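Undergrad: Please work out how this folds:
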Amino acid sequence: MAKTADRSEFESIDAFGVGEPNPWGSHFTGESFLAFLTPEDYPLGVANVTFEPGCRNEWHIHHASFGGGQLLICTAGEGWYQEWGKPARSLAAGDIVAIPANAKHWHGAKADSWFSHLAIEVPGEDCETEWLERVSDEDYGALE
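TA: Prediction:
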């Protein structure tokens with residue numbers, strides 16, 4: 001089972017757990033959840049991010065002067081990833097997205113499915129996330 005809009009069904013396939021309400025939820029359209037998988041002082045931050053159907057984050061950039069970026073490893077459900085100026089990419093469990101530093105992008109669930117991915121922050125210098133505009137309902141609704 002890949003795509004599901006039923007939360008209890010999704011929780012049975014989400015290996016890392018849905019987690020708690022996302023503390024950065026103000027940067028998301030819809031509800032998202034976060035389960036930290038590494039200790040806070042560990043040099044490589046790994047978290048399971050879960051999106052309810054239709055949830056997506058704002059356009060954002062993981063800035064870095066050297067190294068940096070983010071790696072997404074999709075673990076359950078179906079979602080989307082899009083870099084600025086490029087078509088959206090459909091995502092499912094097992095897909096990997098290597099997001100380069102300084103690339104404007106967004107990611108989230110498909111309208112009819114819960115979605116989880118591991119988010120791994122790539123170490124670098126002068127790393128900072130800049131949150132930008134929301135993905136419009138019109139642009140999101142046009143995805144197939």
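
Undergrad: in this structure, what spans have low per-residue confidence?
TA: 1 (pLDDT under 70).

Undergrad: middle-most residue in this protein, spatially?
TA: Taking C-alpha atoms, centre = their mean as the criterion, His107 is the residue nearest the geometric centre of the chain, at 4.8 Å.

Undergrad: That one and Glu78 touch, don't they?
TA: No - counting by C-beta atoms under 8 Å, His107 stays clear of Glu78, with 11.9 Å between them. (C-beta placed from N, C-alpha, C; glycine too.)

Undergrad: now the helices: where do they sit in this protein?
TA: Under the criterion DSSP state H, helices of the chain are mapped to 7-13, 137-141.

Undergrad: follow-up on the earlier one: so for His107 and Glu78, which residues contact both of them?
TA: The contact sets of His107 and Glu78 overlap at Leu91 (C-beta atoms under 8 Å, 6 or more residues apart in numbering).

Undergrad: re earlier: what's the spacing between the residue nearest to the centre of the chain and Pro39?
TA: Distance from His107 to Pro39, counting by C-beta to C-beta, to the nearest Å: 25 Å.

Undergrad: Distance to Cys74 and mean neighbour count for the helices of the chain - can I get that in TSV?
TA: Listed next are those as TSV, based on distance: least, C-beta to C-beta, whole Å; neighbours: other C-beta atoms under 10 Å:
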stretch	distance to Cys74	mean neighbour count
helix 7-13	12	14
helix 137-141	18	12
